[in-house]
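Visitor: After the sequence you'll find the predicted model.
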Amino acid sequence: MLIAITRPVSPSLAKCELTHLARAPIDVARASEQHAAYERLLGSLGVTIVRAPAAPDFPDAVFIEDTAVVLDEVAVITRPGAPSRQGESAAVAPVLANYRPLLLMEPPATLDGGDVLRIGRTLYVGRSGRTNHQGIEQLRSLVARFDYRVLPVDFTGCLHLKSAVTDVADGLLLLNPAWISGAAFPGCDTLPIDESESYGANALRIAGAVVYPSQHPRTRDLLVQRGLRVASIDYSELAKAEGAVTCCSLVFDGQAQ
Ligand code: CIR
């Protein structure tokens, strides 16, 4: 049974952190509608939606992916790298505690879940403005006993590792070659995005489908041509907050542990 923990769009979303995008007006009601459609889409794929409590004072709370790294055996509660986001994890932890034993990151480590790409027993972790050296080393020591290896990866041009690369099928990575090299992932095949769609590398592989933003139609066609089942979603309003489809849920197997 797949579970996706989500968190409501905060009324303060327009005050979100922005790193690579210029601030554009955000229609919070529209963002909430898009988020509700995302939850419905995941539900239609057979995923059980569990909502973490609203956090109206945290503009970026909807991007719940950054607050934890959920593995089959354990959930690591992160310390997000943006100071404005460090209070977000507190209310996510009790929800995750229903499903996994928790391990907590301690200062001075910072790590955003958006920087962690899991492929089998390997956790690729982006060195980013949000994830520091201590964050990577703490993650390594917390998960070593469960036989995960942690490999740091460099990228440029975007906020998180998973803005530059995500897995869309076994052994197949969707990536933006301007931001990351496929050479960082030996043994994986790579599908480059259409170069006109810079933000097109973030896809959510879930329940036999690839949830993918409709803003990137050319890359969507490339995914379809690969024989993948693509479930499109309009995420344009959340994209103005530098968010995408992986960021808005914590997905895991509710049975595993
Ligand atoms: C931030 O800058 O933290 C938010 N505005 C966007 C976070 C997106 N999260 C993600 O890609 N995992």
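Guide: Looks like it arrived, so ask away.
Visitor: Check the chain for its longest helix and report it.
Guide: helix 28-44 (DSSP state H).
Visitor: what's the offset of that helix from the middle of its chain?
Guide: Put simply, helix 28-44 sits 16 Å off its chain's centre (Cα atoms, centre = their mean, to the nearest Å).
Visitor: which helices and strands does it pack with?
Guide: Applying 3 or more Cβ pairs under 8 Å, 6 or more residues apart in numbering; DSSP states H and E, we find helix 28-44 packed against strand 2-6, strand 48-51, strand 209-213, strand 230-233, helix 236-239. Just so you know, the C-beta spots here come from the backbone N, C-alpha and C atoms, and that holds for glycine as well.
Visitor: Of all the ones you listed, which one is nearest Val28?
Guide: For Val28, the closest of those is helix 236-239, at 8.2 Å, according to Cβ to Cβ.
Visitor: Does the residue in the stretch 51-200 of the chain positioned nearest to the ligand belong to a helix, a strand or coil?
Guide: Of all residues in the stretch 51-200 of the chain, the one sitting closest to the ligand is Gly114 (2.4 Å; Cβ to the nearest ligand atom). Under DSSP: H, G, I helix; E, B strand; the rest coil, the three-state class of Gly114 is helix.
Visitor: going forward can the numbers begin at 10, since that is how I track them
Guide: In the new count, where the first residue is 10, that last one comes out as Gly123.
Visitor: show me the contacts for it.
Guide: 72, 74-75, 139, 168-172, 255-256 (Cβ atoms under 8 Å, 6 or more residues apart in numbering).
Visitor: As JSON lines, those with secondary structure would be great.
Guide: Putting the contacts of Gly123 into JSON lines (three-state DSSP) gives the following:
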{"residue": "Phe72", "secondary structure": "coil"}
{"residue": "Glu74", "secondary structure": "helix"}
{"residue": "Asp75", "secondary structure": "helix"}
{"residue": "Arg139", "secondary structure": "coil"}
{"residue": "Leu168", "secondary structure": "coil"}
{"residue": "His169", "secondary structure": "coil"}
{"residue": "Leu170", "secondary structure": "helix"}
{"residue": "Lys171", "secondary structure": "helix"}
{"residue": "Ser172", "secondary structure": "helix"}
{"residue": "Thr255", "secondary structure": "coil"}
{"residue": "Cys256", "secondary structure": "coil"}
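Visitor: Intersect those residues with the contacts of the ligand.
Guide: 72, 74-75, 168-169, 172, 256 (Cβ under 6 Å from any ligand atom).
Visitor: The protein against the ligand: which residues are in contact?
Guide: Proximity of the chain to the ligand, by Cβ under 6 Å from any ligand atom, involves residues 25-26, 28, 69, 72, 74-75, 91, 94, 123, 168-169, 172, 250-253, 256.
Visitor: What subset of those is buried?
Guide: 25-26, 69, 72, 74-75, 91, 94, 123, 168-169, 172, 250-253, 256 (16 or more other Cβ atoms under 10 Å).
Visitor: re the thing from before, and of the helices and strands packed on helix 37-53, who's closest to Thr119?
Guide: strand 11-15 (21.1 Å).
Visitor: Low-confidence regions, the stretch 110-259 of the chain specifically.
Guide: Within the stretch 110-259 of the chain, no range satisfies pLDDT under 70.
Visitor: re the thing from before, what's the model's confidence in the longest helix of the chain, averaged?
Guide: Computed over helix 37-53, the mean pLDDT rounds to 98.
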